[in-house]
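K.L.:
I'd like to go over a predicted model; first the sequence, then the structure.
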Amino acid sequence: MIKPWYLGPVLGAVALAASVYWWHAEKERWVPPAARRPDLPKVEPMPQAIKVRAKQAVEQPLLWMSRRPVAVDVKKSSLVTELMQSRLTAVLESGSDRVAILQRPDGSTLKITGETKPWRVESFDGRKAFFVSADDQRVERPLEAGSAATVKAGPIGDRLRRPATNQ
């Protein structure tokens, strides 16, 4: 009987001998494939004249340093754009009264209460303030991160604004 540990090396030697024989016998029969040119995509010529339909791109090309947004004549929604460009920095509440403090892009402040015209503060949920105009347009503004927190007036709110000093 053949012992199993003799069978492994014998089979390995037979496989190695068969590979060497095949390598030497078949080496001359192999022929490399014929050279081919790669398939290139068809190139179509570009159209001669491109009509520019965008007024803004014609007036102020994209990569010019003096590029500014095109001035748009929006009279009715100028209050909406002013409110949308402003940052909500704080909302102060005292009972049912609310005062929202916004910062305009030029750095000036804008205060809107529940009774101001044309915009008034409708509600505040701690993160967003909802504003309503006289003609029922609604705008929501999120409270900006890092701005003053909402503080309710009263004894607790007073302590938050003016912490007690240690004596």
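P.N.:
Right, received. Where do you want to start?
K.L.:
So what's the residue count around the nearest residue to residue 124 once chain neighbours are set aside?
P.N.:
If the residues on either side of it in the chain are set aside, residue 124 comes closest to residue 91, at 4.8 Å by CB to CB, 6 or more residues apart in numbering. All C-beta atoms are positioned from the backbone trio N, CA, C, and that covers glycine. Summarising burial for residue 91: neighbours were counted as other CB atoms under 10 Å, giving 26.
K.L.:
Okay, buried residues for the helix or strand that residue 91 is a member of please.
P.N.:
Using DSSP states H and E, residue 91 falls within strand 87-94. Neighbour-count burial for strand 87-94 flags 88, 89, 90, 91, 92, 93 (criterion: 16 or more other CB atoms under 10 Å).
K.L.:
for it, packing partners?
P.N.:
Helices and strands touching strand 87-94, as assessed by 3 or more CB pairs under 8 Å, 6 or more residues apart in numbering; DSSP states H and E, comprise strand 97-103, strand 119-124, strand 138-142, strand 151-152.
K.L.:
can you tell me which of those comes nearest to residue 29?
P.N.:
Ranking the helices and strands packed on strand 87-94 by proximity to residue 29 (CB to CB) places strand 138-142 first, at 76.2 Å.
K.L.:
May I have the closest one as PDB, with CA atoms only?
P.N.:
This file holds the C-alpha atoms of strand 138-142, laid out as PDB (Å, rounded to 0.1, in the frame of the first residue of the first chain):
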ATOM      1  CA  ARG A 138     -44.500  84.200   4.400                       C
ATOM      2  CA  VAL A 139     -40.700  84.000   5.000                       C
ATOM      3  CA  GLU A 140     -38.900  81.800   7.400                       C
ATOM      4  CA  ARG A 141     -35.400  82.600   8.600                       C
ATOM      5  CA  PRO A 142     -33.200  80.300  10.700                       C
END
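K.L.:
what's it in contact with?
P.N.:
With CB atoms under 8 Å, 6 or more residues apart in numbering as the contact definition, strand 138-142 has outside contacts at 80, 83-84, 86-88, 100, 102, 119, 122, 127-133.
K.L.:
where do the helices sit along the protein?
P.N.:
Secondary structure of the chain (DSSP state H): helices located at 4-26, 55-59, 78-85, 155-161.
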